[in-house]
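1. kindly return the folded structure for what I paste below:
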Amino acid sequence: MGRLFGTDGARGIANTELNCETSMQIGRAAALVLSEATHHRPKVLIGKDTRISCDMLEAALIAGLCSVGADVMLLGVIPTPAVAYLVKKYNADAGVMISASHNSCEYNGIKLFNSNGYKLPDKMEEQIEAIVLDNAEEIPVPTGGGVGRVSYADTAVTDYISHIRDSIDNRLDGLKIAVDCANGSASVTAKRLLASLGADVIMISDNPNGININDKCGSTHIEQLQKTVVDNKCHCGVAFDGDADRCLAVDEKGNLIDGDKMIAMFSLDMKNNGSLSCDTAVVTVMSNLGFFRFAEKYNIATKATKVGDRYVLEEMIKGGYSLGGEQSGHIIFLDRATTGDGQLSAVKLLSILAKSGKNLSELASVMNTYPQVLKNIVVTSQGRSALNDDKPVWDKIHECEKVLGNDGRILVRASGTEPLIRVMVEGLDHELINKIADDIVETIKERLG
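-> Numbers count the residues shown, from 1 in each chain. Okay, the predicted model is just below:
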């Protein structure tokens, strides 16, 4: 993780940790780096979610980019994966998404994509960091016609919706679906997308006001969607996060269908139709033990990476795999997208449901979820950095692993985006894994809190 960019771009509390000055400097440095790499006047797309600070940071980025001679095309409010798709479709040199994903409204972030729609390579991010933080290169100050222009992409939302609609070969007529947009980017796309495929759509949390993004709604707060599905006798529900790059689902009974279960359904369907390359699904170490047991049963190979969709993507590209994702709902279909796309995942899931003639609960039963306890401990940045080298903490973890044996596992890691240490314990005995998790949490608090 770099000094400016974390595992998912630059992120922090808007106007303090991520302020206008830093945003403008990122824009200036990015324009310089792109100019050096492309040897021409760069064209950069900018998209944003619905949080109130996006306009402020967008203005700063525009100023920075244009002041070094880059041209900017504004996409407006749009999902993160739309930026990744449109940067290639519109022949741009880079794309920028202003969003803090699933975080609350006071946070914001800046995520950069290259001309192929992939997250900017580490080497290029490090070069931008060095310019911003160390003044590593002198930034030119063009005048006259050398200053960049700003234009607006009027067709961005329509082009993205068409791209997702074309990813399935059937319609969704007859399905009644509840949709939670987290008062975020999906508010401008989800209803049009699903209605155009014939679904009967009930929308919730689709009225953003700048501060209600992810506020007790969306994929991180699934309860409202569960109630809506049951009360309205829907076939299922889907929930997105603030920038719509992740999706979780709810079956007709109101039960949560997390990313692991969705990947299980996708991988089995893709294996059966011959589109699961190498018969392999890429997941992370956070995936439930039940997923790995499912994969063994259906002869699907698995690759487990570090937590973070960028690591899933790296493994997919390296091995030529077509499907990968995270328990949190970041799912990548590499033949259709270069990043996690919540609405792509939603229509793929709904396509399987429509074709099957079954209930979603029955389709999801291919995987049994092991009881899992997740706990977050707030720590200082020093405590987070010290985790890997703290012997008493790891002695406690190894002691607990012996108690679980082969019927469970423990994962302790520092968050890549927040000042947290995350503890995950899985096993067959819910009471035992809760006790083990509490013991580990107490040790971490004593040592690193």
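2. in this structure residue 256 contacts residue 248, no?
-> Yes: the criterion here is CB atoms under 8 Å, and residue 256 meets it with residue 248 at 6.7 Å. Just so you know, the C-beta spots here come from the backbone N, C-alpha and C atoms, and that holds for glycine as well.
3. low pLDDT regions in the stretch 251-400 of the chain?
-> Residue ranges of the stretch 251-400 of the chain with pLDDT under 70: none are present.
4. which residues in it form strands?
-> Taking DSSP state E, counting those that start in this stretch, the strands of the stretch 251-400 of the chain run over residues 256-257, 280-284, 301-305, 323-325, 331-333, 372-378.
5. thinking again about what came up before, residues shared between the contacts of residue 256 and residue 248?
-> When CB atoms under 8 Å, 6 or more residues apart in numbering defines a contact, the residues bordering residue 256 and residue 248 alike are residue 222.
6. with neighbour numbers in mind, choose between the two.
-> The neighbour count for residue 256 versus residue 248, taken as other CB atoms under 10 Å, is higher for residue 248 (27 against 18).
7. what bridges to the more buried one?
-> Beta bridges link residue 248 to residue 239, judged by DSSP bridges.
8. on that earlier part again, of the strands of the stretch 251-400 of the chain, which is nearest residue 364?
-> Comparing the strands of the stretch 251-400 of the chain against residue 364 with CB to CB, the closest turns out to be strand 256-257 (5.2 Å).
9. so in that sheet, which strands flank that closest one, and in what orientation?
-> Using DSSP bridges, the strands paired with strand 256-257 are strand 247-250 (antiparallel).
10. and the contacts of the strand it pairs with?
-> Taking CB under 8 Å, 6+ apart as the criterion, the residues outside strand 247-250 that touch it are 178, 219, 222, 225-226, 229, 236-240, 256-259, 262, 328-329, 331, 342-343, 345-346, 349, 360.
11. let's see 6 Å
-> 219, 225-226, 229, 236-240, 257-258, 329, 342, 345-346, 349 (CB atoms under 6 Å, 6 or more residues apart in numbering).
12. and for stretch 307-314?
-> Judged by CB under 6 Å, 6+ apart, the contacts made with stretch 307-314 from elsewhere in the structure are 7, 119, 282, 284, 286, 305, 324, 330, 332, 340, 416.
13. the first one: neighbour count?
-> Residues near residue 7, counting by other CB under 10 Å, number 17.
14. ditto for the second one
-> Per other CB under 10 Å, the neighbour tally for residue 119 reads 23.
15. what bridges to it?
-> According to DSSP bridges, the residues that bridge with residue 119 are residue 113.
16. and it, what pLDDT?
-> In this model, residue 119 is scored at 88, pLDDT.
17. pop out the phi and psi values for residue 90.
-> Note on residue 90: backbone dihedrals following degrees, to the nearest 10 are phi -90, psi 10.
18. for it, give me its contacts.
-> Applying CB under 6 Å, 6+ apart, one finds that residue 90 lies in contact with no residue.
19. how about residue 343?
-> Under the criterion of CB under 6 Å, 6+ apart, the neighbours of residue 343 are residue 164.
20. could you check how far it is from residue 241?
-> Computed as CB to CB, to the nearest Å, the residue 343 to residue 241 distance reads 11 Å.
21. same check, this time on residue 178
-> Distance of residue 178 to residue 241, given as CB to CB: 16 Å.
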